[in-house]
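Colleague: Please find the sequence and the predicted model below.
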Amino acid sequence: MSRKDRIAKAATRTAAQARDTAARERGRSKRSTSASGVSPHRHCTVCWAPIPLKADPPVCSNEECEATHDKREGSRKRLTIMLYLFPAIAILLAVLTSL
Ligand SMILES: [Zn+2]
């Protein structure tokens, strides 16, 4: 076998391997999404247990999770109020001092 033949054969083999690997990767990624058998769902925001897509609030049926979610939601609302309240007070003070 000549040197040229050997190189040609090696190149063909490498190309075939690359094709094989690509095909395997494609198959894997397809499996992990649509063909995996896992239906679309969301996760409990506290313990990340799978819950139905339409669950509202997004927590599982665990009472602790519900309580934790309520607490978080409450502090989030307070934070939002403060986010608007403090600049409002600052503007009010600025207006009052300029009068
Ligand atoms: Zn949970």
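Modeller: Looks like it arrived, so ask away.
Colleague: Averaged pLDDT, the one helix or strand D20 maps to. What do you get?
Modeller: Of the helices and strands defined by DSSP states H and E, D20 is found in helix 3-33. The average pLDDT for helix 3-33 rounds to 73.
Colleague: Next secondary structure after it?
Modeller: Next along the chain after helix 3-33, taking DSSP H and E as the criterion, comes strand 42-43.
Colleague: Strand partners (parallel or antiparallel) of that next one?
Modeller: strand 50-51 (antiparallel) (DSSP bridges).
Colleague: What lies in contact with the strand it pairs with?
Modeller: Strand 50-51 has contacts (Cβ atoms under 8 Å, 6 or more residues apart in numbering) with 41-44, 58-60. In short, each C-beta sits where N, CA and C put it, glycine included.
Colleague: Ranking by neighbours, what's the top pick from those residues?
Modeller: V59 (23 neighbours; other Cβ atoms under 10 Å).
Colleague: Brilliant, that's me finished.
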